[in-house]
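Visitor: Need a 3D model of the sequence below.
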Amino acid sequence: MADAVRTRYATKAYDATRRLSPETVDALLTLLRYNASSVNSQPWHFVVAASDEARDRIAARLEGNFAYNAGKVRDASHVVILCARERMDEEHLAGILKQEQEDGRFASDEARENQRKSRLSYVNLHRYDLKDERHWMEKQVYLATGALLLGAATLGVDATPIEGFDFRTIDEEFGLRAQGYSSVVMVALGYHSDADFNAQLPKSRLPREQVFTLL
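Guide: Sure, this is the predicted structure:
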């Protein structure tokens, strides 16, 4: 794991001839599905562009100031658009509770009700008191993004987190807002090409003593 952290980097150019195996894709999707989220709220949806056509649809929307990302998207094996829910509605919360029940999370009806109330209290905290419900859900999406980047590295897969795109046009292209979602960040996945200058550069991070306070 530590080696993966030390060696992973943001890939700048992909080898368009190389594709992820179905087994690797399945492992990465499993990682996303089982990733941690606050009170198991799972406020996300992941659009996976695996075909040339799907990646071209994304790349075509990367115009103007974001055109520099189009090549990464077209040449990558897969691109994941990580989306957040527009709101934590009752249907979503009920669906989570139902799944937890089916998965054997509750020893009694009382335990189930306590979980429902506890999760709802956090939702209401962010919705009504802190008034940052959308921001709170986006934080969970970034937890998933970090896990995906590290998970890819442990599997020997190169990756690039991409915030350089127009969220409105991506939402429009894939009808996300009509489904109750909005794009937050994208991650390109694949294998770097010889044109990737970043692959040859040493990794640079601030000194250990500046980053940590050990108590």
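Visitor: Could you list the residues in contact with the longest helix anywhere in the chain?
Guide: Using DSSP state H, we find that the single longest helix of the chain is helix 133-154. Contact with helix 133-154 is made by 1, 4-5, 7-8, 27-28, 31-32, 35-38, 41-44, 46, 80, 82-88, 123, 126-127, 130, 158-159, 161, 184-185, 187, 189, as judged by C-beta atoms under 8 Å, 6 or more residues apart in numbering. Where C-beta positions appear, they are placed from N, C-alpha and C, glycine not excepted.
Visitor: do that again at 7 Å, thanks
Guide: Defining contact as C-beta atoms under 7 Å, 6 or more residues apart in numbering, one finds that helix 133-154 is touched by 1, 4-5, 7-8, 28, 31-32, 35-38, 41, 43-44, 80, 82, 84-85, 87-88, 126-127, 159, 161, 184-185, 187, 189.
Visitor: elements contacting whichever helix or strand comes after that helix?
Guide: Sequence-wise, the next helix or strand downstream of helix 133-154 (DSSP states H and E) is strand 158-162. Applying 3 or more C-beta pairs under 7 Å, 6 or more residues apart in numbering; DSSP states H and E, one finds that strand 158-162 contacts helix 133-154, strand 181-190.
Visitor: now strand 158-162: mean pLDDT?
Guide: Averaged across strand 158-162, the pLDDT comes to 98.
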